[in-house]
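A.B. asks: the sequence isn't on hand, but the structure is:
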């Protein structure tokens, strides 16, 4: 009915990897399959929206299940999340919109290839078992105060609780000012909290690197070969203070904005070289005392015609640095650009072509000097289309990474971009 609604969503995804059909002179595939031979993803969600005399209520329950099928390896993960919010308008002398809520999340990870893979950790302690689990919960409240017709203030507070790290409070304050109907000036400060992930916090979670992740060990005598990248049971939660200020213009379909952002981290979690222990080279997760990122983000939307829209987003990273060592953070592109051209052909048919440009890393020259091949700039092009079959049914399909660009899994980069992928989907709304 008009006051209460339920939603149910379920999805199933399957991705398979196989060797390329093209072979070399020796009869071997030019490119071998990488990663899981089969990746299966199952997810389900149940949602409730309710309108009451005292306000609006939302409750959502999500569950995800992943199964990476490797030969001789068990690699599975699952997570369940429960979100609930209550929204209520208040008077109290000033018009306000109060939002309160909570979240509960449980995660479980099993991986015989990266957890418990070595008989002892870097300290020489025996390692056994291949399953990690953890639970987190949070409460939050946010009050939006309409101080004037052209000025709004938002104050919020979030309480995170971790089964290992206890409670942490994160406040937030944001202001939005409209000097003219089409112009907006906005800015604010917020604090953040991130507890170590399951693998980051487990010394027995030792992912093996083929060599690229080991370059930081060179000053200690490392020359070539692999190493283990281990978690750390002594990690502290990562905290941050973020600030931003920006200006935006919106009129007759035109939308433009420019924002300066800066985030200061304390105890930021990152890999650092450890040394040669138990017959192996090791790096491990550790807390950086201080780190900082800053830059500019610009947006521009141009209505070329009534049915043709051009959206753009540019991010320029001025800094992404470990302030303790002076070294830049890993794999941070200096410039990122996203551009999408969308065409609403008619009421039923929509098509869009987009391009994502990722520039070279901030410290590309320094990384080359340490014999680590920096990630080069690349552009990924996607094409999607949707067709509204009936008011309740919509079909979607498309091609991702049309020209197969981006870093490949050659052991010389920090990450890789999957090649060309195609997808189809069908959505029902009732």
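C.D. replies: That came in fine, so what should we check first? What you see is a predicted model; the values in this text were computed from it and never measured.
A.B. asks: which stretches of the stretch 301-430 of the chain have low pLDDT?
C.D. replies: 330-331, 363-375, 407-416, 430 (pLDDT under 70).
A.B. asks: what residues of the helix or strand harbouring residue 46 count as buried?
C.D. replies: Counting by DSSP states H and E, the element that carries residue 46 is strand 38-52. Buried residues in strand 38-52, counted by 16 or more other CB atoms under 10 Å: 39-40, 43. Bear in mind the C-beta positions are built from the backbone N, C-alpha and C, glycine included.
A.B. asks: what is the nearest of these to residue 243?
C.D. replies: Using CB to CB, residue 43 is the member of the buried residues of strand 38-52 that lies nearest residue 243, at 35.2 Å.
A.B. asks: identify the bridge partners of that closest one.
C.D. replies: Counting by DSSP bridges, residue 43 forms beta bridges with residue 11, residue 64.
A.B. asks: from memory it sits against residue 63, does it?
C.D. replies: Yes: in terms of CB atoms under 8 Å, residue 43 counts as a neighbour of residue 63; the distance is 6.6 Å.
A.B. asks: hmm, residue 154 is touching residue 186, no?
C.D. replies: No: between residue 154 and residue 186 there is no contact under CB under 8 Å: 10.1 Å.
A.B. asks: give me the common contacts of these two.
C.D. replies: Shared contacts of residue 154 and residue 186 (CB atoms under 8 Å, 6 or more residues apart in numbering): 174-176.
A.B. asks: buried members of these into PyMOL, please.
C.D. replies: Buried subset of these, written as a PyMOL selection, criterion 16+ other CB under 10 Å:
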select buried, resi 174+176
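A.B. asks: now tabulate the shared contacts of residue 154 and residue 186 in TSV and tack on pLDDT.
C.D. replies: Formatted as TSV, those follow (pLDDT from 0 to 100):
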residue	pLDDT
174	97
175	97
176	97
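A.B. asks: any idea which of the shared contacts of residue 154 and residue 186 is closest to residue 262?
C.D. replies: residue 174 (15.0 Å).
A.B. asks: secondary structure element for the closest one?
C.D. replies: Counting by DSSP H and E, residue 174 is found in strand 166-180.
A.B. asks: C-terminal to that strand, what's the next element?
C.D. replies: strand 183-194.
A.B. asks: quick one, that following strand and strand 166-180 angle?
C.D. replies: Using axes from the mean of the first three to the mean of the last three CA atoms, to 10 degrees, the inter-axis angle of strand 183-194 relative to strand 166-180 is 170 degrees.
A.B. asks: packing partners for strand 183-194?
C.D. replies: Helices and strands touching strand 183-194, by 3 or more CB pairs under 8 Å, 6 or more residues apart in numbering; DSSP states H and E, are strand 151-162, strand 166-180, strand 238-251.
A.B. asks: sketch out the low-pLDDT regions of the stretch 51-200 of the chain for me.
C.D. replies: 70-72, 112-129.
A.B. asks: follow-up on the earlier one: could you dump the helices and strands packed on strand 183-194 into a markdown table with distance to residue 392 added?
C.D. replies: Shown next, in a markdown table, are the helices and strands packed on strand 183-194 (distance: least, CB to CB, whole Å):
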| stretch | distance to residue 392 |
| --- | --- |
| strand 151-162 | 36 |
| strand 166-180 | 37 |
| strand 238-251 | 32 |
